[in-house]
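Peer 1: Sharing a model prediction with you, sequence too.
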Amino acid sequence: MKRLGYLLGKDMRLLKRTPTIVILLALYPALVAVLVGLAVGRPPTKPRVAIVNQVPENKRDIRIGGKKFDLDKLTKALYENVDGYNVKDPAAALEEVKSGDAVAAVIIPEDIVEQLESSSSQGTIEAIFDSTDPTRKAYVENTIKGLLVDTNNELTNRFTDVSLDYINIIVNGGEITFGGETRNIEGLANGADLIKDVLPYVPAQQRKDLQEFAALSEGAKQGANFAKSLLRRVGQPIKLQNKPVGTNSSLSSLAVAVAVAVSAMFVALLLGAGMLAYEQEDQMLTRLLRGLAPRSTIVIEKTLLAGICALIVGTVMVLAFGAFVDIRWERAFLWWPAIIVASISFGAAGVMVGAASGDVRAASLASFMIGLPLTAAALVPKGAVSDGLYSVLQVINSIFPFKPSLDFLRAGLSPGFDALWPGIHLAILILAYCLIASFAIKRRVA
């Protein structure tokens, strides 16, 4: 233990003499981690949309079958989901989209109330999209379509109620207004009774036709009743019942876990690989192995050195994110040990790379070449690639500590995730990396 302490003290003093490198080593991974965390965990901002509402304020009430619907519900929902602002006319809206000030424009025509109240026409709202960025265009288009779903559902229910009223009048009779004139309709049910009453007074040669008409009326009544049951379902033929499975996790906890894992990984990889490679290049490692310290002590010391530095950066990352997102501080006794184990595992991986590389430049380059693609591989979701390629990525993730470290951190930040297996996984990787590093040092120094 004394030798381990002496070696740690020596390396700490060495780092203290090069503060610029240490600062860059901490800031660069932190910057990369923040950007990756924001990309993974931050939802898209509200798109800027120009809105033209040509319907006068005193004419925004739609009357459907005597029932009122406020058209302003649509515009209010639009303003809640986009960064909307009013423009005076369609020409100005088009110019806003062309100039790039707005990603889209929504035009509500002046006659939409008449269109919806009409018995034959369909209401139309025009949307103008900036198609330069296909990803942003698809997001804005889906947002506006989603807003129309609720409005269309409510209007569908209103139209359905009116249709049911009309069918009820046709079947059972009642008053109906048509062409500005109110008329009383007997209905199919009453008509069948009337036919039975007048049937004895009808000449025999016409009685058969009247009986057939009565049978048709009865069939029409049954068909109308069947149509009523269909109309009740037409607004929502299939009801969606959400049944989530798995652990409930927020985007903010995922962003924090990714940011901490990325920052700790780069610090530990670069420091572990660079420090050991530097000692090999400077022949200091050979002198240490001549009785001052065994290989196992050197590997453990470099792993702890890299792990401690990565732990500091990872902890600072959590504290920094805590100013912007909700961190469960009461779970610090879980996520801080997760940062410790993850940092040590990355440090062991860096020491293994440094032992295999032999010089600082090769070790630093290898750390970047290993870290970046393997981080991306751990973030690929199932279904994004073929099953064969996904299986290959899973094998790669099992031999590099980023994925288990991410899982371990998420288990600490959010309840419900499994922490046991990622912890065991990382312990196995730490032991394996240290053994490989010790073997690589033996081959190089021998």
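Peer 2: That came through, no problem.
Peer 1: Spatially nearest residue to Leu270, not counting backbone neighbours?
Peer 2: Ser367 (5.1 Å; Cβ to Cβ, 6 or more residues apart in numbering). All C-beta spots, glycine's among them, are computed from the backbone N, C-alpha and C.
Peer 1: Just the helices from the stretch 51-200 of the chain, written as ranges.
Peer 2: With DSSP state H, counting those that start in this stretch, the ranges of helices along the stretch 51-200 of the chain come out as 72-81, 90-99, 112-117, 134-172, 188-198.
Peer 1: cool, and the stretch 301-446 of the chain?
Peer 2: 332-357, 360-378, 387-399, 402-413, 420-445.
Peer 1: Which neighbouring elements make contact with the fourth one?
Peer 2: Using 3 or more Cβ pairs under 8 Å, 6 or more residues apart in numbering; DSSP states H and E as the contact criterion, the secondary-structure elements in contact with helix 402-413 are helix 251-281, helix 332-357, helix 360-378, helix 387-399, helix 420-445.
Peer 1: Let me know the average pLDDT across it.
Peer 2: Averaging pLDDT along helix 402-413 yields 91.
Peer 1: okay, and for the stretch 301-446 of the chain, where does confidence drop off?
Peer 2: 445-446 (pLDDT under 70).
Peer 1: where among the helices of the stretch 51-200 of the chain is the average confidence lowest?
Peer 2: helix 188-198 has the lowest average pLDDT among these, namely a mean of 66.
Peer 1: now the helices and strands packed on helix 402-413 as TSV including mean neighbour count and distance to Ala102?
Peer 2: Below are the helices and strands packed on helix 402-413 laid out as TSV (neighbours: other Cβ atoms under 10 Å; distance: least, Cβ to Cβ, whole Å):
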stretch	mean neighbour count	distance to Ala102
helix 251-281	26	27
helix 332-357	26	42
helix 360-378	17	34
helix 387-399	13	40
helix 420-445	17	46
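Peer 1: Which among these is found nearest to Glu141?
Peer 2: helix 251-281 (22.5 Å; Cβ to Cβ).
Peer 1: Next secondary structure element downstream of that closest one?
Peer 2: Following helix 251-281 in sequence order, the next helix or strand is helix 284-288 (DSSP states H and E).
Peer 1: by contact count, what packs against that next one?
Peer 2: helix 251-281, helix 420-445.
Peer 1: Contacts for that helix, please.
Peer 2: In this structure, residues lying in contact with helix 284-288 by Cβ atoms under 8 Å, 6 or more residues apart in numbering are 7, 276, 278-279, 298, 441, 445.
Peer 1: can you redo the residues you listed as JSON lines with distance to Leu270?
Peer 2: Output for these, formatted as JSON lines (distance: Cβ to Cβ, whole Å):
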{"residue": "Leu7", "distance to Leu270": "19"}
{"residue": "Leu276", "distance to Leu270": "11"}
{"residue": "Tyr278", "distance to Leu270": "12"}
{"residue": "Glu279", "distance to Leu270": "15"}
{"residue": "Ile298", "distance to Leu270": "18"}
{"residue": "Ile441", "distance to Leu270": "19"}
{"residue": "Val445", "distance to Leu270": "23"}
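Peer 1: out of those, which one sits closest to Val260?
Peer 2: Of these, the one sitting nearest to Val260 (Cβ to Cβ) turns out to be Leu276, at 24.0 Å.
Peer 1: how close does that closest one sit to Ile428?
Peer 2: Separation of Leu276 from Ile428 (Cβ to Cβ, to the nearest Å): 21 Å.
Peer 1: Outline the domain layout of this protein.
Peer 2: Domains of the chain are assigned by automatic domain parsing as 2-42+249-445, 48-158, 186-233.
Peer 1: Looking at these, which one is packed in the most?
Peer 2: A comparison of the domains of the chain by mean neighbour count, using mean count of other Cβ atoms under 10 Å, puts domain 2-42+249-445 on top with a mean of 19.
Peer 1: Hmm, Ile430 is touching Ile344, no?
Peer 2: Yes. Look at Ile430 against Ile344 with Cβ atoms under 8 Å: they come within range, at 5.9 Å.
Peer 1: Tell me who's in contact with Leu365.
Peer 2: Contacts of Leu365 by Cβ under 8 Å, 6+ apart: none found.
Peer 1: State the distance from it to Ala273.
Peer 2: 10 Å.
Peer 1: do Met317 as well
Peer 2: Met317 is 21 Å from Ala273, by Cβ to Cβ.
Peer 1: ok, now Ala366?
Peer 2: Taking Cβ to Cβ, one finds Ala366 at 7 Å from Ala273.
Peer 1: before we move on, back to that, who touches both of Ile430 and Ile344?
Peer 2: Counting by Cβ under 8 Å, 6+ apart, the residues touching both Ile430 and Ile344 are Thr303.
Peer 1: List just the one of the helices and strands packed on helix 402-413 that sits closest to Arg48.
Peer 2: Between Arg48 and the helices and strands packed on helix 402-413, the tightest spacing by Cβ to Cβ is seen for helix 251-281, at 22.4 Å.
Peer 1: Now do the closest one and helix 420-445, the angle between them.
Peer 2: Relative orientation of helix 251-281 and helix 420-445, computed by axes from the mean of the first three to the mean of the last three Cα atoms, to 10 degrees: 20 degrees.
Peer 1: Can you tell me which helices and strands helix 251-281 packs against?
Peer 2: Counting by 3+ Cβ pairs under 8 Å, 6+ apart, helix 251-281 packs on helix 19-41, helix 284-288, helix 295-321, helix 332-357, helix 360-378, helix 402-413, helix 420-445.
Peer 1: Mind putting the ones you listed into a markdown table with distance to Val49?
Peer 2: Converted to a markdown table, these look like this (distance: least, Cβ to Cβ, whole Å):
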| stretch | distance to Val49 |
| --- | --- |
| helix 19-41 | 23 |
| helix 284-288 | 63 |
| helix 295-321 | 31 |
| helix 332-357 | 39 |
| helix 360-378 | 33 |
| helix 402-413 | 35 |
| helix 420-445 | 43 |
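Peer 1: Figure out which of those helices is closest to Ser391.
Peer 2: Of the helices and strands packed on helix 251-281, nearest to Ser391 by Cβ to Cβ is helix 360-378, at 12.1 Å.
Peer 1: what angle do the closest one and helix 332-357 make?
Peer 2: 130 degrees.
Peer 1: Name the nearest residue to Tyr79, sequence neighbours excluded.
Peer 2: Closest to Tyr79 by Cβ to Cβ, 6+ apart is Ile51, at 7.7 Å.
Peer 1: do the same with Asn397
Peer 2: Nearest non-adjacent residue to Asn397 (Cβ to Cβ, 6+ apart): Lys403, at 3.8 Å.
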